[in-house]
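Trainee: Following is a predicted model, sequence given first.
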Amino acid sequence: MNVDGLVMAVNTHTFALWTQWLEARLEAAAGAGRIDVLIEGYFGFAAAHPNLWSAIYEHRLSDGMELPERLAEERGQLMQVVSREVRAILPQEKQDGADRLARSLVATVHGHCSFALGGSFALMGETNPLELARDRVTEILAANGRIGGPS
């Protein structure tokens, strides 16, 4: 196994741990609060495992190398959790776009988390990046017809 293969295996295991982390927290959540659990779980996992979290986003496959399908499927389970929760609060007419919306929401939360952990928000004087992320997600979901009121 080469370095790329090793990093892919470690990162795939990290995705599995992260999925378990979120699912365990979702067990105690109900209704609209489940989205908050996802946001807090993103920040919480990244803060608890900063090196593993960073490795996911810093690794680039070598030219000509592709992620094996089995690993892609395992990694995709995390996004399936997010998509499932987003789909659950969208009206029927928005269901077709739930996966795409979920990916965009993850990117929004990721940006806030990355700025928080990297110190950029502190330099800007922002003291509650988690609340900012929650507010942005709430606004985006409201604009997409969120069912169930605010989180």
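Mentor: It's in. Numbering: from 1, shown residues only.
Trainee: Helix or strand for residue 75, just tell me which one.
Mentor: According to DSSP states H and E, residue 75 maps onto helix 69-88.
Trainee: tell me what that helix is packed against?
Mentor: In terms of contacts (3 or more Cβ pairs under 8 Å, 6 or more residues apart in numbering; DSSP states H and E), helix 69-88 is packed against helix 3-26, helix 33-48, helix 98-118. Where C-beta positions appear, they are placed from N, C-alpha and C, glycine not excepted.
Trainee: what's the spacing between the helix or strand following the last one and its chain's center?
Mentor: What that stands for is helix 98-118. Helices and strands here follow DSSP H and E; after helix 98-118, the next one along the chain is helix 120-123. With Cα atoms, centre = their mean, to the nearest Å as the basis, helix 120-123 stands 21 Å off its chain's centre.
Trainee: In JSON lines, list the helices and strands packed on helix 69-88 along with mean pLDDT and mean neighbour count.
Mentor: As requested, the helices and strands packed on helix 69-88 are arranged in JSON lines below (pLDDT from 0 to 100; neighbours: other Cβ atoms under 10 Å):
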{"stretch": "helix 3-26", "mean pLDDT": "90", "mean neighbour count": "16"}
{"stretch": "helix 33-48", "mean pLDDT": "96", "mean neighbour count": "19"}
{"stretch": "helix 98-118", "mean pLDDT": "96", "mean neighbour count": "17"}
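Trainee: can you tell me which of those helices comes nearest to residue 130?
Mentor: Evaluated over the helices and strands packed on helix 69-88, closeness to residue 130 peaks at helix 33-48, with 5.3 Å, by Cβ to Cβ.
Trainee: what's that closest one packed up against?
Mentor: Right, helix 33-48 is packed against helix 3-26, helix 69-88, helix 98-118, helix 129-143 by 3+ Cβ pairs under 8 Å, 6+ apart.
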